[in-house]
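Chemist: Sequence first, predicted model second:
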Amino acid sequence: MIANLLTIAGVDHVITLDLHASQMQGFFAKPVDNLFAEPLIARWIRMNVPSWRDAVVVSKNAGGTKRVTSLADTLKLNFGIVTTDRRRPKNNVSMSDSMVFFDTIERGNHSRRSMGLLAVDQDSAVDDYFLSRSADTLRPETPPSARRPSELEAAEHTTDERAREVITGRIVQGHLVDEDFVDGSQVATPLPPTGSENGDSVNNDHMTSSFMSVASSHEGHALGGTYDAAESDDDDPAVPAPNHDEKTITLVGDVKDKPVFIIDDMIDRSGSWITAAETVVRGGGAKTVYCIATHGLFGDNCLEEMESSDAIDHIVVTNSFPIPPEKMRLSKKLHVIDVSALLSESIRRHHYGESISALFQLTD
């Protein structure tokens, strides 16, 4: 709708900066120049971070990996990713599909033999024959020359170093906690009896409390709602999660004793930024954390919460979105990159019919 309104208003050319999705250009009937703040961010990093060559670029969600890998390629740095599983399993032991499948076959064969039934068709006889044989007789030993390096390491009782770069943690109430952490809100306290001598009355109270507990656990998630809907990877949940909600966060990449650049296109809410920063610092052992984005929206108390976080050392944004001067004065971690020269040069080149391809490249 906004694209159509701009076209009807007489706009014949549109200049944007780091669209959330590049596919948005297709909504405009007029030419669109989607500029990137990556060259300016890369130059700021090279000029203001002393040990930037040892740093690691990290994505705080799966949706931002393309942006992170682009900056990592520009600076010739390693990159990592932080992913959050929003549905942490309640039990620690889970059976995979293959385990369930073979367990079902084993139970079926055992029950069939116990009843004294014989397989009369050829297919079932072949199945019993192969299931009774071991894996070593089914496939001969692979010669060492034909093995992959990982198989050779496993045969020599060595471990792959890449496996150590995967770190998993627990997220409770938006913060990283220890594995032995116990949330007091998860413990349910039974309701006291009403004091009636009638057993039916007590049973009814238990039934009522059970019904209320089930109803309250699904409150706000009616049939056809968003109870089972997956949240977006690029945005924080609009409604804070309840206290008993627990998530699993995974860090892939080696960030120990290294500066970390957490990259995204905008900073609107602080939840995912603080969680990712705590994960790379407490879980991965990162030395310094830079939260870098193009658009600093800073909704609600986002800037204040990120400012008070011990895991975040620097907050870097551009002035593509106006930041109140009082926030800039009070913040000690905020750094603002000026993009006015980029936009003005794009306008000048478009006015004189010059190419804007040079604006997408990194300049010293």
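Modeler: Cool, the structure landed. Numbering: from 1, shown residues only.
Chemist: how long is stretch 9-27 end to end?
Modeler: 15 Å (Cα to Cα, to the nearest Å).
Chemist: For the closest residue to residue 40 other than its chain neighbours, give me the backbone phi and psi.
Modeler: Excluding its sequence neighbours, the residue lying closest to residue 40 (Cβ to Cβ, 6 or more residues apart in numbering) is residue 337, at 5.4 Å. From N, CA and C alone the C-beta is placed, and that goes for glycine too. Phi and psi for residue 337, reported as degrees, to the nearest 10, are phi -100, psi 130.
Chemist: What about residue 337, how many residues nearby?
Modeler: By other Cβ atoms under 10 Å, the residues close to residue 337 number 19.
Chemist: That one reaches residue 320, doesn't it?
Modeler: No - using Cβ atoms under 8 Å, residue 337 makes no contact with residue 320, being 9.2 Å away.
Chemist: where do the contact lists of these two overlap?
Modeler: residue 37 (Cβ atoms under 8 Å, 6 or more residues apart in numbering).
Chemist: rewinding a little: any idea of the pLDDT on the residue nearest to residue 40?
Modeler: We have a pLDDT of 97 for residue 337.
Chemist: Run through the residues that contact it.
Modeler: Counting by Cβ under 8 Å, 6+ apart, the residues that residue 337 touches are 37, 40, 41, 44, 316, 317, 318, 319.
Chemist: Out of those residues, which comes closest to residue 71?
Modeler: residue 41 (6.9 Å; Cβ to Cβ).
Chemist: Looking at the closest one now. What's its pLDDT?
Modeler: 96.
Chemist: Going by neighbour count, which of the contacts of residue 337 are buried?
Modeler: Neighbour-count burial (16 or more other Cβ atoms under 10 Å) is assigned, among the contacts of residue 337, to 37, 40, 41, 44, 316, 317, 318.
Chemist: Pick the one among the contacts of residue 337 closest to residue 70.
Modeler: Looking across those and measuring by Cβ to Cβ, the closest to residue 70 is residue 41, at 10.6 Å.
Chemist: Isn't that closest one up against residue 316?
Modeler: Yes - using Cβ under 8 Å, residue 41 makes contact with residue 316 at a distance of 7.2 Å.
Chemist: Can you get me a residue count around the closest residue in space to residue 75 that isn't next to it in sequence?
Modeler: Spatial nearest neighbour of residue 75, excluding adjacent residues (Cβ to Cβ, 6+ apart): residue 42 at 5.7 Å. A total of 17 residues lie near residue 42 under the criterion other Cβ under 10 Å.
Chemist: any idea how far residue 42 lies from residue 250?
Modeler: From residue 42 across to residue 250, the span is 27 Å (Cβ to Cβ, to the nearest Å).
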